[in-house]
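Novice: show me how the following folds:
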Amino acid sequence: MKRWLGVGMLALVLAGAAHAAGLEARSATSAPELRASDLMGASRTLADYRGKVVLLNFWASWCPPCLREMPSMERLRVKMAGRPLAIVALDSAETADEVNAFLSRMKLGFPILLDPDGSNTKRWKVFALPTTFLLDAEGRVRYVLTGPTEWDEGEALGAVESLLDEMSVTAK
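Specialist: Okay, here's the model as predicted:
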């Protein structure tokens, strides 16, 4: 699995994808199933985040572009404190020890889930890392981004804000 993801990741790096070309808007489609454990061993599903906009990021600690975008995800978390946004990072095909070693160097305040066998990565059809899905509050995929970005500014922030704004309009 790591080799398969590594090939996709190498293709992104060789293509010069230091910054993502842009979010791909999707018509609201049901998200694939997500079953994963957090670093404490608790089981998590997308239902745990229902009623919130979800930024679901597939990443790995060996992926330089993944690591470059993590600080912007943390800044986004801080910027959006108190708003119905869940940032969830799903580590692809690594052990808890590998992820914890990374987290000892970079402190993050959002949940890290584990996909040690890559089953979620396959189910979501992730072919390169990082890949991020933005889900609306009803759990539908609305945007997809393959490659890194700065989540707390520009187009990425605009997409998050638009999904949060939709929630405000719907609630009225």
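Novice: which residue packs closest to residue 170, ignoring adjacent ones?
Specialist: Closest residue in space to residue 170, ignoring its immediate chain neighbours: residue 137 at 7.8 Å, by Cβ to Cβ, 6 or more residues apart in numbering. From N, CA and C alone the C-beta is placed, and that goes for glycine too.
Novice: can you check residue 110 too?
Specialist: Distances taken as Cβ to Cβ, 6+ apart place residue 87 nearest to residue 110, at 4.0 Å, with adjacent residues excluded.
Novice: ok, residue 68 next?
Specialist: Here the nearest residue to residue 68 in space, its sequence neighbours aside, is residue 148; by Cβ to Cβ, 6+ apart that works out to 5.5 Å.
Novice: please identify the helix or strand for the spatially most central residue of the chain.
Specialist: The centroid of the chain falls nearest to residue 57 when counting by Cα atoms, centre = their mean (1.2 Å). In this structure, residue 57 sits in strand 53-59 according to DSSP states H and E.
Novice: could you do residue 155 as well?
Specialist: helix 154-171.
Novice: cool, residue 76 as well?
Specialist: Taking DSSP H and E as the definition, residue 76 sits inside helix 64-79.
Novice: helices and strands around that helix, which ones?
Specialist: Applying 3 or more Cβ pairs under 8 Å, 6 or more residues apart in numbering; DSSP states H and E, one finds that helix 64-79 contacts helix 2-14, strand 53-59, strand 85-92.
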